[in-house]
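> model this:
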Amino acid sequence: MGTKQIKKVAAKTVKKAQAKGAEFERIAKKEFEKIKKQMDATAKKVEGFIKKNPEKASAISAGIGMTLGTIAGIMASGGGKKKKK
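The predicted structure is shown next:
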C-alpha cells in the first residue's frame, strides 16, 4: 500500500468520524433540550407546591439538609470506623 493510498484511506476515515461526531452532537443537543424542558416543568411544579405549602416545603428542606449534613459528617470522619492502633 502506497503513501497516497494510506492518505486517501485516512482522509476517508476522518470524514466518516467527523460525520458520526456531528450526528452524535445533534442527538446530544436534542436530548439536552428535551431534558431542559422536563426540568423547567418540574421546577414550575415545585415552585407551585412551595407557594401552596410553605410549611411542608420548609420541613422537607430541613430534613434533606439534615440528612445531607449527616452523610457529609460521616464521610468526613472516615465512615464512622475507628482506626486500630
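> roughly how far out does the lengthiest helix in the chain sit from the chain middle?
Looking across the chain with DSSP state H, the single longest helix is helix 3-52. Distance of helix 3-52 from its chain centroid, counting by C-alpha atoms, centre = their mean, to the nearest Å, is 13 Å.
> what helices or strands is the next helix or strand after that helix leaning on?
Where DSSP states H and E defines the elements, the next helix or strand beyond helix 3-52 is helix 54-76. Counting contacts by 3 or more C-beta pairs under 8 Å, 6 or more residues apart in numbering; DSSP states H and E, helix 54-76 is packed against helix 3-52. Heads up, the C-betas are built off the backbone N, CA and C, glycines and all.
> Could you check the angle the helix it packs on makes with helix 54-76?
Helix 3-52 and helix 54-76 are oriented at 130 degrees to each other (axes from the mean of the first three to the mean of the last three C-alpha atoms, to 10 degrees).
> Show me what helix 3-52 is packed up against.
Short answer (3+ C-beta pairs under 8 Å, 6+ apart): helix 3-52 packs on helix 54-76.
> any idea how far Thr67 is from the residue of the chain positioned farthest from its centre?
Here the chain reaches farthest from its C-alpha mean at Gly2, the gap being 46.6 Å by C-alpha atoms, centre = their mean. The gap separating Gly2 from Thr67 is 67 Å, by C-beta to C-beta, to the nearest Å.
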